[in-house]
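[1] my questions are about this predicted structure, shown below with the sequence.
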Amino acid sequence: TEGVWPNLRIRGSLLHALMAGIWSELKSREGLDGDISPVVSRAAENAVNEQGIEGRFAELEKQRLIRLAGEWLAIERERPFFEVVRIEQKRALEIGGLSFNGRIDRMDRLADGSHAIIDYKTGSRATPNDWMGERPDEPQLPLYAVTAGEDVSAVAFAKLKTGEMKFAGL
């Protein structure tokens, strides 16, 4: 995808920055009530600026991010109470004598006090089936869950793809 603007890596970074900006202000399910358009617009603007995108491309990306956020936040509004307690948190993982560095995109505290770990995906075909078997293909979420100090009751991919928005997890 060289030469395609913005490339997939940048689009992923834009999405993460967008969601981090939104949840750092909204903080919970209740934050979604009322007019959140200024929060979404600000987060989209900041995400585009962080990537150094300028001119017409910046405006197009900002509008794309605003549409993406609107569609995704409709999914989030359907959820019962949650409070976002971690955003883009770096974690050191140690398992089986090996050390890894990772980053939890988001951790929510649920109504029962347990936690959900959420990993944002844009175009990936990753599914919870990738966590199964002797050699899982996408092991980060299960590793975060088993090494977390928090009580984790759910792990999920948040699939943010226009027309295909959904949570997929356990």
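    Structure's in. What do you need?
[2] helices along the protein, start to end?
    With helices called from DSSP state H, the chain shows them at 8-26, 37-50, 55-77, 140-147.
[3] could you export those helices to TSV, including columns for distance to Phe100?
    Just so you know, the C-beta spots here come from the backbone N, C-alpha and C atoms, and that holds for glycine as well. Below are the helices of the chain laid out as TSV (distance: least, Cβ to Cβ, whole Å):
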stretch	distance to Phe100
helix 8-26	19
helix 37-50	26
helix 55-77	28
helix 140-147	7
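[4] so where's this structure uncertain?
    Judged against pLDDT under 70, the low-scoring parts of the chain cover residues 1-6, 8, 124.
[5] so which residue of it lies furthest out from the middle?
    Summary for the chain: using Cα atoms, centre = their mean, the residue whose C-alpha lies farthest from the chain's mean C-alpha position is Gly97, with a distance of 28.7 Å.
[6] which ones are touching the spatially most central residue of the chain?
    Central residue check for the chain by Cα atoms, centre = their mean: the C-alpha nearest the mean position is that of Tyr120, 3.3 Å away. For Tyr120, the residues meeting the contact criterion (Cβ atoms under 8 Å, 6 or more residues apart in numbering) are Leu15, His16, Met19, Asp105, Arg106, Phe157, Ala158, Leu160.
[7] let's go with 7 Å and repeat that
    Going by Cβ atoms under 7 Å, 6 or more residues apart in numbering, Tyr120 touches Leu15, His16, Met19, Asp105, Ala158, Leu160.
[8] now do Ala20
    When contacts are counted by Cβ under 7 Å, 6+ apart, Ala20 is found next to Ile87, Glu88.
[9] if we go to 8 Å?
    If a contact means Cβ under 8 Å, 6+ apart, then Ala20 has Ala43, Ile87, Glu88 as its contacts.
[10] and Arg91, by the same measure?
    Taking Cβ under 8 Å, 6+ apart as the test, what Arg91 contacts is Asn101, Gly102, Arg103, Ile104, Tyr144, Thr147.
[11] and Arg42, how many neighbours?
    Here the number of neighbours of Arg42 (other Cβ atoms under 10 Å) works out to 13.
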